[in-house]
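Sequence first, then the predicted structure, then my questions.
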Amino acid sequence: MGHAEGGVQNRLLAALAPRDLALVYPALETVHLNAGSVLFEPGEDVTHICFPSQDMIAALVLNLRDGKSAEAAMIG
């Protein structure tokens with residue numbers, strides 16, 4: 001999550017009321033991800049949330065019983 005001068009670069013966070021943003025702002029950190037990075041593996045606990053600050057596409061890929069995979073959602 002990138003911190004822009006005087007605000008945030010993520011449109012969802014930027015749309016929050018100032019008092020609401022102030023609640024989460026101290027916990028935000030910038031993380032750089034490479035193409036193909038895996039955010040979560042199946043069965044893992046969700047321990048963090050990503051708020052993209054630049055161009056990003058995330059896909060939810062399901063592993064099927066027959067060993068194939070299917071893209072269930074694309075965000076970005």
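Okay, I see it.

excluding its backbone neighbours, what's nearest the residue most central in space within the chain?
Centroid-nearest residue in the chain: Cys50, 2.3 Å away (criterion: C-alpha atoms, centre = their mean). Of all residues not flanking Cys50 in the chain, Leu39 sits nearest, at 6.3 Å (C-beta to C-beta, 6 or more residues apart in numbering). Any C-beta I mention is one placed from the backbone N, CA and C, and that applies to glycine too.

Do a quick rundown of the strands in this structure.
3-4, 7-8, 58-63, 69-75 (DSSP state E).

Just checking, which helix or strand of this structure averages the lowest pLDDT?
Taking mean pLDDT, DSSP states H and E as the measure, the chain has strand 3-4 as its least confident helix or strand, at a mean of 46.

So in the protein, which helix runs the longest?
When the chain is parsed with DSSP state H, its longest helix is helix 18-24.

For the residue nearest to the centre of the chain, give me its contacts.
Met1, Val31, Leu39, Met56, Ala58 (C-beta atoms under 8 Å, 6 or more residues apart in numbering).

ok, now with 10 Å
When contacts are counted by C-beta atoms under 10 Å, 6 or more residues apart in numbering, Cys50 touches Met1, Asn10, Val31, Leu33, Ser37, Leu39, Phe40, Met56, Ala58, Ile75.

could those residues go into CSV alongside neighbour count?
Shown next, in CSV, are these (neighbours: other C-beta atoms under 10 Å):
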residue, neighbour count
Met1, 18
Asn10, 19
Val31, 12
Leu33, 12
Ser37, 10
Leu39, 13
Phe40, 12
Met56, 12
Ala58, 14
Ile75, 10
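
Show me the two of those residues that sit farthest apart.
Greatest spatial distance among the contacts of Cys50 (C-beta to C-beta): Asn10 and Phe40, at 19.0 Å.

Give me the below-cutoff pLDDT ranges for this protein.
Low-confidence segments of the chain (pLDDT under 70): 1-7, 76.

re earlier: distance of the residue nearest to the centre of the chain from Leu13?
11 Å (C-beta to C-beta, to the nearest Å).

just Ala35 next, same as before
Separation of Ala35 from Leu13 (C-beta to C-beta): 23 Å.
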